[in-house]
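S.K.: Next one to model:
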Amino acid sequence: MQKAKRVLSLVLVGILVVASIFIPVQQVFAKTDPPSTQKTTDVQKMVSQMSTRDKITQMLMPDFRNWNVNGQEKGVTSLNPDIRAALKKYKFGGVILFAENVVGTEQTAKLTHDFQSTMIQSGNLPLLLSIDQEGGTVRRLGTGTSLPGNMALGASKDPKDAYNAGKITGDELASLGINTNFAPSIDVNNNPKNPVIGLRSFSSDPQLVSQLGTSFIKGIQDQGEVSAAKHFPGHGDTDTDSHIGLPVVNKSLDELNKTELVPFRAAAKNGVDMFMTAHIQYPQIEKETFPSKIDGKPVNLPATMSPKILTDLVRKDMGYQGVIVTDALGMQAIADNFGESDACIQAIKAGADILLMPTTLRSTKDLAKMDKIIADIEDAVKSGKISEERLNESVTRILTLKQKRGILDLKDNLLTENQQVKLAEKHVGSAENRSAERTMSLDAMTVLNNKANVLPLKPKKREKVLFVTAAENQVPGTKFSIARMQDEGLLSKDFSVDTTSFGSNSKGSDYNSKVDKADYVVVYTNMASENSLQNGNYAHDVPQAIFDYAKSKGKKTVQVSTNKPYDGTNFKNADATVLTYGYLGMDPTEGGKEPTTTFGPNIPAAVELIFGRTPDNKGPKGTLPVDLPKIENGVMSTNEYTHKVGYSSNDWLSLSELGVTAKTAAVEPGKKLNLKLTLPQDSLDVNKAQITLNLKNKTFKFSKNNKQQLTTDFKDNKEISITIAKNAKEQTITELFSSATITDQYGRVFKVQKINGPTFKIGVTVNKKHLQNLVEHGNRLVANNYTGKSWAAYSDELDKAQQVLNDTSATQKTVDKQFASLQKKENKLVKAANKNKLQRLINNSLKYQKENYTPKSWNKYSKVLEKSQQILKDSNAKQKKVDKQATKLQKAQNQLIKVK
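M.R.: Okay, the predicted model is just below:
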């Protein structure tokens, strides 16, 4: 967009704000045209006129999270004179904001405006104002729409939901004056024990992560916002948190290309603005080491500091020319092993463009550390360790991005503070955004099991439902959801609800008296880590004791998994399990009103599902976004799974069950067929329900006006008569109806999904969705990752499943049987053994020569070596056998005796 047009837009915004009429936020943070040759030339000219120091500071992005005032550190919610002076002096390219900075809508808008106006009035370039607003468990804004989170979006598997999540996030950030979002995490969470990614990942399926990740990115960038895909080249298969240690992923580039890199290649192809790096070692890719400051021992360079990864892989192999930003350099993975200046210099040499949080700034004294970092980088340029051209490349990318997103133009058309506040108040947490959040959250809810069709709960008059939550701040969201459904006429007020919570000092027996008084018991569980699954941990012991006691008393029970979904199979006594994929607590609210502060939508959505509200009234939509490992004694298996990606329970009973019986099993042409229709008493208010039956139009007709449809109010057991046409040909009575629908007491219309009765099936449609999901998942599996024998059996079953999908005459029984069979074969897939160690030992054998060792020791070694080579070629070799052989070979090598 040309400059003149932007100025005109600003004038219009000012007029409209005064008139309390608002234009969409993306018109203010305008989506710009692709850079023209003239614009590119302008950036190059700007870079050529910058000093080396100015280029370095343009690459720095510190935080001002807290600041020491009179001996106390407090969150920075407005700029103080010290910070204002630092901004003027250092000409930083950006600043990252944290929860301490963004407490309220008005306050945040004023803060961001102050950041930018301070820079502009000082003659500095406008900032990349960044934040980690991923949604779900990772969000910084104190107000606004928090969204259900990435793994929840993975459960819905709906690109529209992912796009809308990105759009809402971008919309609210842009209105606040925050132009850069370090999101989404497109890590493939293929390690259930991962301590840092977990719910931040869309899925353990790289193709699904790619699809949803690119949709989320498009949603953000369509609002004129900068989006960063993280954590390159993948943080999903780690069991160490890089905030506190230096993780290692010992995979080859071929292995990464099959899983971790798939989403990043898709993001790059679709034009993501930034990559954020991971502080993770990949020793098979980057072999260069650096002496650790802990003990001086060499450590492999992590991806953030790796030329092989950031330059050879990102720039050359992938051809990505966007901005590369490091993860926070203050994280212990870096801070424990590298000095601050060393980390920055090595990251620049590797190919990073922006150095995020290179040091901790909490007072004016800390600015000395920033001075040292800048001086050391300048010295590295002077000495030739870093070339001036290398700085030019990074600064050109940064300024080009600022130009593309209209950030450079803020020098001429920054909104006034009042305009910024008004814009934010219009968009942050808007009714439209909250409504979309509610929809996508309900889409994500997954029913993992539903024994005896316990769900949805249908409490009768004067019955009681007990909710026992896993944290006190989960209670308000539960109450809020129930009150909202009742206010909307979606839930009866004739039953009672009791809510309580448990904590680290609780015992299961504390809740026995409440269970005794309840008809239904809903228990929330919270798996933060694998420890939460184990005996002796209250997160396991308290829910288990409640489920056990409730079962002994004949109560119907429901587990609501409110964190990582891997605990969904850990409580065998629960009659039903609902997965929510994370929660954010809610402050207590009055009268069921929606709070103004940010809150998690997952728990309210789970409560809605429990009481029968589903997407478009078609039953639960969510399916597993990750594989669920087998759990034994509280320990998750690394190679056995009970449920795979795409699974969900097929036992959901919507409000559409219909019983049909007839006095006769055969009717002559021209005679009446008397039918009795029966609705289950606990499904609907039968006095308000209504049934519509649609007959097949050629053979049968109703006795009323020859219509092909009969709508009848339903009161208890309803009898209807159908006259069989005189010219009817011989047909079975199961062919009588083409479809049936039921309208419940709230006016919701359901297609008949389940028919009771030995002789009639009305409007039955074969549901192949669950089998289709399983087959699609199977087609994405890689044969080389499994033993040849187990893969052959699975591949044959996969072919059979495809045949069933293609068979238009296949019955539901056939489909379900094939689904069970394919799932069984998939669960029996055996992962191919990791033979890297054995391969290395065999490779080492080349350096041993027979004539250098005694015959006895050499003969023993050669036999073990021969056996090792056989096992290496055996595609069915088990891990235990491979490891055992590697140990033998290592021992044989160590026992070689040299000839004297």
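S.K.: how close does residue 290 get to residue 251?
M.R.: According to CB to CB, to the nearest Å, residue 290 and residue 251 sit 21 Å apart. Yep, even glycine has a C-beta here, placed from its N, CA and C like the rest.
S.K.: Could you do residue 380 as well?
M.R.: Taking CB to CB, one finds residue 380 at 31 Å from residue 251.
S.K.: quick revisit: neighbour count: residue 290 and residue 251, which is higher?
M.R.: Shown here are residue 290 and residue 251; by other CB atoms under 10 Å, residue 251 has more neighbours (21 against 16).
S.K.: How about the contacts made by that one?
M.R.: 237, 260, 282, 284 (CB atoms under 8 Å, 6 or more residues apart in numbering).
S.K.: My reading is that it is in a strand; is that accurate?
M.R.: No: with DSSP: H, G, I helix; E, B strand; the rest coil as the criterion, residue 251 is assigned coil and is not in a strand.
S.K.: Could you check the pLDDT of it?
M.R.: Here, the pLDDT recorded for residue 251 equals 90.
S.K.: What of residue 111?
M.R.: With respect to pLDDT, residue 111 scores 98.
S.K.: same check, this time on residue 690
M.R.: With respect to pLDDT, residue 690 has a value of 65.
S.K.: With residue 339 instead?
M.R.: Looking at residue 339, its pLDDT reads 88.
S.K.: From residue 352, how far off is the nearest residue to it once chain neighbours are set aside?
M.R.: Spatial nearest neighbour of residue 339, excluding adjacent residues (CB to CB, 6 or more residues apart in numbering): residue 293 at 5.9 Å. According to CB to CB, residue 293 stands 20 Å off from residue 352.
S.K.: what's the answer for residue 341, then?
M.R.: Plainly put, residue 341 is 14 Å away from residue 352 if you go by CB to CB.
S.K.: If you count residues, where's the longest strand of the protein?
M.R.: strand 635-643 (DSSP state E).
S.K.: from the chain's centre, how far out does that strand sit?
M.R.: Taking CA atoms, centre = their mean, to the nearest Å, one finds the center of strand 635-643 at 20 Å from the center of the full chain.
S.K.: Please, where are all the strands along the stretch 351-500 of the chain?
M.R.: 355-356, 446-450, 464-469, 496-501 (DSSP state E, counting those that start in this stretch).
S.K.: what about this structure, any weak spots by pLDDT?
M.R.: Where the chain drops to pLDDT under 70, the residues are 1-41, 239-245, 588-594, 650-766, 809.
S.K.: For the host helix or strand of residue 541, enumerate the helices and strands it packs against.
M.R.: Element membership for residue 541, per DSSP states H and E: helix 538-552. Helix 538-552 is packed against helix 512-516, strand 520-525, strand 556-561, with contacts defined by 3 or more CB pairs under 8 Å, 6 or more residues apart in numbering; DSSP states H and E.
S.K.: what's that helix in contact with?
M.R.: 468, 470, 502-509, 511-512, 515, 521, 523-528, 531-535, 557, 559, 570-571, 573-574, 634.
S.K.: in that helix, what counts as buried?
M.R.: Judged by neighbour count using 16 or more other CB atoms under 10 Å, the buried positions of helix 538-552 are 538-547, 549-551.
S.K.: what does stretch 553-569 give?
M.R.: Buried residues in stretch 553-569, defined by neighbour count with 16+ other CB under 10 Å: 555-569.
S.K.: and residue 46, what does it touch?
M.R.: Applying CB under 8 Å, 6+ apart, we find residue 46 in contact with residue 399.
S.K.: for residue 376, same thing?
M.R.: Neighbour list for residue 376: 341, 344, 345 [criterion: CB under 8 Å, 6+ apart].
S.K.: hmm, 10 Å instead?
M.R.: With contact set as CB atoms under 10 Å, 6 or more residues apart in numbering, residue 376 has these partners: 56, 339, 340, 341, 342, 344, 345, 385.
S.K.: With neighbour count, secondary structure and distance to residue 796 as new columns, can the residues you listed be given to me in CSV?
M.R.: What follows is the contacts of residue 376, written out as CSV (neighbours: other CB atoms under 10 Å; DSSP: H, G, I helix; E, B strand; the rest coil; distance: CB to CB, whole Å):
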residue, neighbour count, secondary structure, distance to residue 796
56, 28, helix, 61
339, 15, coil, 57
340, 20, helix, 58
341, 19, helix, 59
342, 18, helix, 55
344, 28, helix, 55
345, 22, helix, 56
385, 15, coil, 58
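S.K.: Nearest to residue 804 among those residues?
M.R.: Residue 804 lies nearest to residue 344 out of the contacts of residue 376, by CB to CB, at 58.1 Å.
S.K.: Surely the residue nearest to residue 339 forms part of a strand?
M.R.: No: under three-state DSSP, residue 293 falls outside any strand and is assigned coil.
S.K.: Does it touch residue 337 like I think?
M.R.: Yes: using CB atoms under 10 Å, residue 293 is in contact with residue 337, at 6.2 Å.
S.K.: where do the contact lists of these two overlap?
M.R.: Counting by CB under 10 Å, 6+ apart, the shared contacts of residue 293 and residue 337 are residue 299.
S.K.: So which residues of the stretch 301-450 of the chain form helices?
M.R.: For the stretch 301-450 of the chain, the helices defined by DSSP state H, counting those that start in this stretch cover 307, 332-335, 340-350, 367-383, 388-404, 410-413, 417-427, 431-444.
S.K.: What about residue 597, how many residues nearby?
M.R.: Here the number of neighbours of residue 597 (other CB under 10 Å) works out to 16.
S.K.: beta partners of it?
M.R.: Legend: beta-bridge partners of residue 597 under DSSP bridges are residue 143.
S.K.: Got phi/psi on residue 74?
M.R.: Residue 74 adopts backbone torsions of phi -130, psi 150, taken as degrees, to the nearest 10.
S.K.: State whether it and residue 103 are indeed in contact, as I suppose.
M.R.: No: using CB under 10 Å, residue 74 is not in contact with residue 103, being 11.5 Å away.
S.K.: Quick check: closest non-adjacent residue to residue 264.
M.R.: Nearest to residue 264 is residue 232, by CB to CB, 6+ apart, at 5.7 Å.
S.K.: For the one you found, give its distance to residue 556.
M.R.: Going from residue 232 to residue 556 by CB to CB gives 47 Å.
S.K.: can you put the buried residues of helix 538-552 in JSON lines and add distance to residue 185?
M.R.: Conversion of these to JSON lines gives the following (distance: CB to CB, whole Å):
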{"residue": "538", "distance to residue 185": "29"}
{"residue": "539", "distance to residue 185": "24"}
{"residue": "540", "distance to residue 185": "28"}
{"residue": "541", "distance to residue 185": "32"}
{"residue": "542", "distance to residue 185": "31"}
{"residue": "543", "distance to residue 185": "29"}
{"residue": "544", "distance to residue 185": "32"}
{"residue": "545", "distance to residue 185": "36"}
{"residue": "546", "distance to residue 185": "34"}
{"residue": "547", "distance to residue 185": "33"}
{"residue": "549", "distance to residue 185": "39"}
{"residue": "550", "distance to residue 185": "37"}
{"residue": "551", "distance to residue 185": "39"}
